[in-house]
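A.B. asks: pasting a predicted model and its sequence here:
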Amino acid sequence: MMLIIPIVSEKAYLVSAQNKYVFRVPAGVSKQAIKQAVEEQFKVGVVSLCVTVRKGKPTRFSKGKHRYPATTFKKDQRYAYVTLKQGDSLKIFDKKTATESDEKAEKVTKITADAERPEETKKVGLFAKRRTGKRGDK
């Protein structure tokens, strides 16, 4: 069985409103194999499939102290945009988990706000440091 990884990003979230989902797929796999793997792995029906290749970004490297840096490229990545049948969907962007994570974030901010001292000075070891707002505590 082939490993197909769903992509969770802002662009993928926007595309999911049109019942399309984005997957990272291996380089040498055909469209028919990708369609079959998505149907088996997620138990959904596939209407159409579009495959794109994103070229690898250039990176610089140097083989020694006095050598001129050369340029090489990262691996190309292959993505499949899969349109599902009407009524089928994936629970990648589940609304319940998004609201639960927002509630957890609010609780954490309340706890950290209560934990901070309202005083201007903060005892650190034997010395008191004042907060200046520039380059850390001085």
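C.D. replies: Structure's in. What do you need? Numbers count the residues shown, from 1 in each chain.

A.B. asks: hey, where'd the strands end up in this protein?
C.D. replies: Using DSSP state E, the strands found in the chain span residues 5-6, 20-25, 46-54, 58-61, 70-73, 77-84, 121-124, 127-130.

A.B. asks: reformat these as JSON lines; add mean neighbour count.
C.D. replies: For every residue, glycine as well, the C-beta is placed using N, CA and C. Shown next, in JSON lines, are those (neighbours: other Cβ atoms under 10 Å):
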{"stretch": "strand 5-6", "mean neighbour count": "14"}
{"stretch": "strand 20-25", "mean neighbour count": "20"}
{"stretch": "strand 46-54", "mean neighbour count": "13"}
{"stretch": "strand 58-61", "mean neighbour count": "9"}
{"stretch": "strand 70-73", "mean neighbour count": "9"}
{"stretch": "strand 77-84", "mean neighbour count": "18"}
{"stretch": "strand 121-124", "mean neighbour count": "11"}
{"stretch": "strand 127-130", "mean neighbour count": "10"}
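
A.B. asks: TSV please, covering those and showing distance to A37 and mean pLDDT.
C.D. replies: Output for those, formatted as TSV (distance: least, Cβ to Cβ, whole Å; pLDDT from 0 to 100):
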stretch	distance to A37	mean pLDDT
strand 5-6	11	89
strand 20-25	8	94
strand 46-54	10	94
strand 58-61	31	89
strand 70-73	28	90
strand 77-84	10	94
strand 121-124	56	53
strand 127-130	58	56
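
A.B. asks: let me know how buried V38 is, in neighbour terms.
C.D. replies: 24 (other Cβ atoms under 10 Å).
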